[in-house]
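Colleague: need coordinates for the following:
(one chain, ligands or ions: 1)
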Amino acid sequence: MDKLIVTGGNPLKGEVTISGGKNAVLPAIAATILADNICEINSVPHLSDVDTINEVLTSLGAKVEFKDDVLTIDPRSINTYVAPYEYIQKMRASILILGPLLAKKGRAQVSAPGGCKIGSRPIDLHIKGLRALGAEIEIKDNYIEAKLEGRFKGNKIYLDFPSVGATEHIMMAAAMAEGTTIIENVAEEPEIVDLANFLNHLGANIRGAGTNMIKIEGVERLGKQMVRHAIIPDRIEAGSYMIAAAVCGGNVLLKNVIADHIKPVIAKLQEAGAEVRDEDGNLRVIGPQKLKAADIKTLPYPGFPTDMQSPFMSLMSIAEGECHITETIFENRLMHAQQLKRMGADITIEGNVAKVKGVPKLYGAKVMATDLRAGAGLIIAGLVAEGETEIYGVHHIDRGYENLLEKFRALGANIRREEITQEEYDEVE
Ligand code: UD1
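Modeller: Residues are numbered from 1 along each chain as shown. Take a look at the predicted model:
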């Protein structure tokens with residue numbers, strides 16, 4: 001077990017290259033189960049979440065090789081439909097193997113997923129969608145038992161909420177269904193488009209990804225030949241470095257970033273006084289002398305991403321004025337406010353709204369990363385705080401930021417990692 005120690009005060013300067021997107025690669029890995037041949041995925045980040053889903057595939061019998069940023073998966077040797085509890089528990093996205101396993105094996109036994117503790121995070125929309133496509137699903141004491149007679153059957157499905165995971169899951173299942181599937185009120189995130197592109201490379205017929213309705217003409221087989229696919233850049237990692245640059249008056253050039261995917265973050269950084277400009281397809285962020293308060297409200301894409309809410313709260317903690325941060329996607333995703341208060345932030349929570357009154361300074365403290373993005377927010381706060389900030393719960397951060405220490409250090413941040421004992425961890429929690 002480790003902690004991160006950030007000594008504040010160094011403005012970030014230089015260049016950072018953004019890795020392939022965590023949230024794009026996880027569903028792509030699950031989708032390889034559907035293929036009849038080897039899949040090569042490029043621009044894959046080295047993250048513990050990627051290791052976890054790779055372990056799930058390996059445990060099913062797939063051959064998985066991960067060298068540099070190239071992941072090669074041969075799903076032809078998959079020989080079981082039972083996914084082990086120990087990996088599924090670690091990560092919510094592992095539920096995405098349920099549909100592909102059903103499509104290929106006609107059966108699946110998967111435990112209910114784990115992941116960040118940011119609300120109850122049900123999977124009812126996933127289950128409803130797969131049932132609408134013909135799966136028989138029983139949920140017994142946190143275990144999901146599913147069966148499919150023949151192939152999935154195309155259907156019309158309306159999602160009660162544009163869930164990212166449910167959209168991806170239903171899209172994968174419908175790709176191999178008999179007939180046409182129309183999914184309405186779907187998520188429009190860039191990761192959905194990337195998954196649709198990957199499935200289409202495998203031979204699927206999916207149209208409309210990136211809009212609120214997706215139409216899928218099912219096909220009998222996917223991935224007849226070996227397929228190569230490159231993952232899109234991680235827009236959340238990009239946004240995190242942009243906010244980190246802005247918080248301490250830095251000047252950072254971000255490479256491998258698609259500005260179109262992070263429009264709301266750019267707009268809000270500009271509203272807060274930062275300069276963000278395109279430089280030959282790269283993005284330069286220059287932090288202002290004095291940050292200004294700016295309200296945000298998290299929304300499904302293309303609204304402000306919930307995963308950027310915690311980093312933005314850190315930024316607002318030292319901005320001039322008062323702002324409201326409204327979380328509408330997850331019901332319990334303001335826990336980091338309590339940790340920022342330990343550092344001197346002035347934040348009041350009322351329901352799903354955090355009222356943040358900017359303070360002139362934050363101070364180093366011992367804080368707990370309660371989830372992945374909360375961890376990113378605390379690093380950002382630590383960069384600007386006076387003194388040392390010790391961040392516990394680093395395993396959450398390892399799930400989503402490739403080479404975090406190296407990248408921050410190359411930008412001039414004073415950040416290190418140290419091993420800790422269970423007692424030290426328990427004291428902070
Ligand atoms: C994905 C992202 C995560 C991001 C989130 C929202 C991955 C691996 N993770 O998570 O980083 O924070 O999108 O942008 O891509 N819901 C239901 N029933 C369901 C499914 C979801 O009620 O069956 C609810 C959830 O509880 C939550 C909301 O819908 O309140 C959004 O969840 P969803 O879009 O599904 O997020 P994930 O796919 O889990």
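Colleague: so who does the residue in the stretch 151-300 of the chain that the ligand sits nearest to touch?
Modeller: Using Cβ to the nearest ligand atom, the point where the stretch 151-300 of the chain gets nearest to the ligand is Gly165, with a distance of 2.8 Å. Placement of C-beta: from N, CA and C, glycine included. Contacts for Gly165 (Cβ atoms under 8 Å, 6 or more residues apart in numbering) come out as 27, 92-93, 95-96, 123, 126.
Colleague: what parts of this structure come near the ligand?
Modeller: 23, 26, 92-93, 119, 121-126, 161, 163-166, 187, 191, 306-307, 329-330 (Cβ under 6 Å from any ligand atom).
Colleague: filter those residues down to the buried ones.
Modeller: Neighbour-count burial (16 or more other Cβ atoms under 10 Å) is assigned, among these, to 23, 26, 92-93, 121, 123, 125-126, 163-166, 187, 191, 306-307, 329-330.
Colleague: which other residues reach the lowest-mean-pLDDT helix or strand in the chain?
Modeller: For the chain, scoring each helix and strand by mean pLDDT, DSSP states H and E identifies helix 85-88 as the least confident one, at a mean of 82. Outside helix 85-88, the residues that touch it by Cβ under 8 Å, 6+ apart are 52-53, 55-56, 59, 94-95, 110-114.
Colleague: related to what we said a few turns ago, tabulate the contacts of Gly165 in CSV, adding columns for distance to Glu402 and secondary structure.
Modeller: Converted to CSV, the contacts of Gly165 look like this (distance: Cβ to Cβ, whole Å; DSSP: H, G, I helix; E, B strand; the rest coil):
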residue, distance to Glu402, secondary structure
Pro27, 18, helix
Arg92, 19, helix
Ala93, 16, helix
Ile95, 23, helix
Leu96, 21, helix
Ile123, 27, coil
His126, 27, helix
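Colleague: just flag the most distant two among those.
Modeller: Considering Cβ to Cβ, no two members of these lie farther apart than Pro27 and Ile123, which are separated by 14.3 Å.
Colleague: give me the pLDDT for Ser43.
Modeller: Taken from the predicted model, the pLDDT recorded for Ser43 is 98.
Colleague: for the residue nearest to it when sequence neighbours are not counted, name its beta-bridge partners.
Modeller: Nearest-residue entry for Ser43: Gly20, 3.5 Å, with adjacent residues in sequence omitted and distances by Cβ to Cβ, 6 or more residues apart in numbering. Gly20 has the following beta-bridge partners by DSSP bridges: Pro233.
Colleague: please enumerate the helices of the stretch 51-200 of the chain.
Modeller: For the stretch 51-200 of the chain, the helices identified by DSSP state H, counting those that start in this stretch occupy 85-88, 98-105, 124-132, 164-175, 190-201, in order along the chain.
Colleague: quick check on Gly106: phi, psi?
Modeller: According to degrees, to the nearest 10, the main-chain angles of Gly106 amount to phi 80, psi -10.
Colleague: that one and the ligand, how far apart?
Modeller: Relative to the ligand, Gly106 is positioned 23 Å away (criterion: Cβ to the nearest ligand atom, to the nearest Å).
Colleague: list the contacts for that residue?
Modeller: Taking Cβ under 8 Å, 6+ apart as the criterion, Gly106 is in contact with 81, 147-150.
Colleague: kindly recompute the last result at 7 Å.
Modeller: The contact partners of Gly106, taken as Cβ atoms under 7 Å, 6 or more residues apart in numbering, are 147-148.
Colleague: next: Val353.
Modeller: Neighbouring residues of Val353 by Cβ under 7 Å, 6+ apart: 324-326.
Colleague: Val285 now?
Modeller: 242, 245-246, 252, 254, 269, 274, 276.
Colleague: from what I can see Gly303 touches Pro264, true?
Modeller: Yes. Shown here, Gly303 and Pro264 form a contact pair, counting by Cβ atoms under 7 Å, at 6.3 Å.
Colleague: quick one, which of these two is more surrounded?
Modeller: Counting neighbours by other Cβ atoms under 10 Å for Gly303 and for Pro264 shows that Pro264 has the greater number, 19 against 15.
Colleague: ok, for that one, nearest residue in space, not its chain neighbours?
Modeller: In space, Pro264 comes closest to Phe304 once its chain neighbours are excluded; the distance is 4.3 Å by Cβ to Cβ, 6+ apart.
Colleague: what's the burial count for the one you found?
Modeller: Here the number of neighbours of Phe304 (other Cβ under 10 Å) works out to 26.
Colleague: same check, this time on Ile38
Modeller: For Ile38, the neighbour count with other Cβ under 10 Å is 18.
Colleague: then Glu418?
Modeller: By other Cβ under 10 Å, 11 other residues sit near Glu418.
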